[in-house]
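> generate a structure from the sequence data that follows.
(one chain, ligands or ions: 1)
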Amino acid sequence: MTDSFVTLARTEQIPEGAIRVFRAGGRRIAVSRVDGRFYAIDDICTHDGGPLGEGTLMGDEVECPRHGARFNVKTGAVVSMPAVVSVKAYVVRVLGDDVQVEIK
Ligand code: FES
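Presented below is the predicted three-dimensional model:
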């Protein structure tokens, strides 16, 4: 049986409290580590395309560097304006030292 998980990174590439951008399946995906767990959302802000992976991670929220919208990195949900649409959140798993996301 095949699955649709793709290796994006090694665990050591994403320190605790960091967010980094990786590419897979033609997408840019921002992967963060919060309290030892990994989360993945689309890198592109739904407000005006800002690079969320270059934003500031505060707890489980990332602030877009362009106009300051905030998203929950665990769910992709918008936390504050000016964005009003959530970003896609991906299922993440760790196999050994590999951080993998499900690309459907
Ligand atoms: S592009 Fe992200 S808040 Fe405007």
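
> report the separation between Lys74 and the ligand.
Distance, Lys74 to the ligand, by CB to the nearest ligand atom, to the nearest Å: 18 Å. All C-beta atoms are positioned from the backbone trio N, CA, C, and that covers glycine.

> how about the secondary structure of that residue?
Three-state call for Lys74 (DSSP: H, G, I helix; E, B strand; the rest coil): coil.

> what count of nearby residues applies to it?
Applying other CB atoms under 10 Å, we find 16 residues neighbouring Lys74.

> in this structure it contacts Val34, no?
Yes: between Lys74 and Val34 there is a contact under CB atoms under 8 Å: 7.3 Å.

> name the residues contacting each of these two.
Shared contacts of Lys74 and Val34, defined by CB atoms under 8 Å, 6 or more residues apart in numbering, are found at Asp60.

> which positions in this protein make contact with the ligand?
Cys45, His47, Asp48, Gly49, Gly50, Cys64, Arg66, His67, Gly68, Ala69, Pro82, Ala83 (CB under 6 Å from any ligand atom).

> then the longest strand along the chain to PDB, C-alphas only?
Longest strand in the chain by number of residues (criterion: DSSP state E): strand 27-34. C-alpha atoms of strand 27-34 as PDB (Å, rounded to 0.1, in the frame of the first residue of the first chain):
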ATOM      1  CA  ARG A  27       4.100  23.900  -2.700                       C
ATOM      2  CA  ARG A  28       5.900  25.900  -0.100                       C
ATOM      3  CA  ILE A  29       5.100  24.500   3.400                       C
ATOM      4  CA  ALA A  30       6.000  26.200   6.600                       C
ATOM      5  CA  VAL A  31       7.000  23.700   9.300                       C
ATOM      6  CA  SER A  32       7.200  24.600  13.000                       C
ATOM      7  CA  ARG A  33       8.100  22.900  16.200                       C
ATOM      8  CA  VAL A  34       6.000  23.800  19.200                       C
END
